[in-house]
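In: Could you look at this predicted model? Sequence included:
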Amino acid sequence: MYLRDTKNRKPERVYLDTRSIEILKRLERSRFTDKNAWAVESKFLFPQRKNINLPATYSSFRKNLDRLNNVLDLETRFLFKYARKTFGSYISARFGIERAASKLNHSSTKVTKDHYIVPEDKDNEIEDVYESNVERFRKVE
């Protein structure tokens, strides 16, 4: 897929796996339902409901996201940014930081590492912290 206008305003070619293609096909088919007929004429995959000649933005989804948060009654409200961070962490853990930076369309891995990669709790665990310190102190004495 070719994205003409991305978050950092650089065009990007994006690989789509078979599941992503199926989701997009299902989305396209859903446009032809009575509920979504308003989107048929738009050139955008996610058009604004009030103006189909413009793409959807965060504001376009905010009411639905607020409604979802109210229904789920979450202690910490879900934001799209959390989904993006989760995706970045997932890709980084499986394929490396370079691939995650590429998938998130970052110009360097620094932004990805500093702001998007969330370490797993197990990555922060250190076994026998006390014991290893005691051993070091004994060697010094």
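Out: That came in fine, so what should we check first?
In: Spatially, what comes nearest to residue 86 if we skip its sequence neighbours?
Out: Once flanking residues are discounted, residue 86 sits nearest to residue 118: 7.6 Å by C-beta to C-beta, 6 or more residues apart in numbering. Where C-beta positions appear, they are placed from N, C-alpha and C, glycine not excepted.
In: tally of neighbours for that neighbour?
Out: For residue 118, the count of nearby residues is 15 (other C-beta atoms under 10 Å).
In: That one: what's it in contact with?
Out: When contacts are counted by C-beta atoms under 8 Å, 6 or more residues apart in numbering, residue 118 touches 85-86, 89.
In: Then residue 46?
Out: 55-56, 60.
In: Then residue 90?
Out: Applying C-beta under 8 Å, 6+ apart to residue 90 gives no contacts.
In: ok, back up a step: separation between the residue nearest to residue 86 and residue 90?
Out: With distances taken as C-beta to C-beta, to the nearest Å, residue 118 is found 10 Å from residue 90.
In: now do residue 36
Out: In terms of C-beta to C-beta, residue 36 sits 29 Å off from residue 90.
In: got it, and residue 41?
Out: 36 Å.
In: Then residue 45?
Out: 23 Å.
In: Kindly report the same for residue 40.
Out: For residue 40, the distance to residue 90 - C-beta to C-beta - is 34 Å.
In: Repeat that for residue 50.
Out: 34 Å.
In: so what does the strand or helix carrying residue 22 touch, helix or strand wise?
Out: Following DSSP states H and E, one finds residue 22 within helix 18-30. The helices and strands touching helix 18-30, judged by 3 or more C-beta pairs under 8 Å, 6 or more residues apart in numbering; DSSP states H and E, number zero.
In: So what's the model's average confidence on it?
Out: The average pLDDT for helix 18-30 rounds to 91.
In: how far does the helix or strand following it sit from the chain's center?
Out: The helix or strand immediately downstream of helix 18-30 is helix 58-72, counting by DSSP H and E. Averaged C-alpha coordinates place helix 58-72 at 16 Å from its chain's average position (C-alpha atoms, centre = their mean, to the nearest Å).
In: what sits up against helix 58-72?
Out: 46, 48-49, 77-80.
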